[in-house]
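> give the three-dimensional model of this entry:
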Amino acid sequence: MSELEHAIRKQDIVKEFRQSIYKYFNHECVYCGAIADSLDHAKPKVKGGKTVTSNLVASCKPCNQDKGSKELFDWYRSRSSWTECREKAIAHWLFGD
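Down below sits the predicted model:
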């Protein structure tokens, strides 16, 4: 192994990966605007969702736990915090334009 391979730790890569998602969403929960302290799988892992950038959004723990394995947009549209602007931002992140 080269010296460079030893310098990059998996935990640093994971941290950078997570931080890039938080940064994109300004460290705010995409669902309610609170401070994001977790990442939510848009398509839940139990339903085949992958742990990849295009399936993760910044979320607060209460929203993440409430959503659980529910379908994202059906669940989100039933919330009092729903806004069209946030829904579009989520869709843009997940599906692009």
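> so the most centrally placed residue in the chain: helix, strand or coil?
Nearest to the mean C-alpha position of the chain, counting by CA atoms, centre = their mean, stands residue 57 at 1.5 Å. Reduced to three states with DSSP: H, G, I helix; E, B strand; the rest coil, the structure at residue 57 is strand.
> dig out what it forms beta bridges with.
Residues in a beta bridge with residue 57, per DSSP bridges, are residue 40.
> who touches it in this structure?
Residues in contact with residue 57, defined by CB atoms under 8 Å, 6 or more residues apart in numbering, are 21, 25, 30, 39, 40, 42, 90, 93, 94. C-betas here are computed from N, CA, C, even on glycine.
> where does this structure dip in pLDDT?
Across the chain, the stretches falling below the confidence threshold (pLDDT under 70) are 1-7, 97.
> pull the longest helix from it.
When every helix of the chain is counted residue by residue (DSSP state H), the longest turns out to be helix 10-24.
> please identify the buried residues of it?
Counting neighbours by 16 or more other CB atoms under 10 Å, one finds that the buried residues in helix 10-24 are 21, 22.
> correct me, but residue 33 touches residue 81?
Yes - here residue 33 lies in contact with residue 81, judged by CB atoms under 8 Å, at a distance of 7.0 Å.
> number of residues surrounding the closest residue to residue 43 other than its chain neighbours?
Among residues not flanking residue 43 along the chain, residue 49 sits closest, at 3.4 Å (CB to CB, 6 or more residues apart in numbering). Look at residue 49: counted by other CB atoms under 10 Å, it has 16 neighbours.
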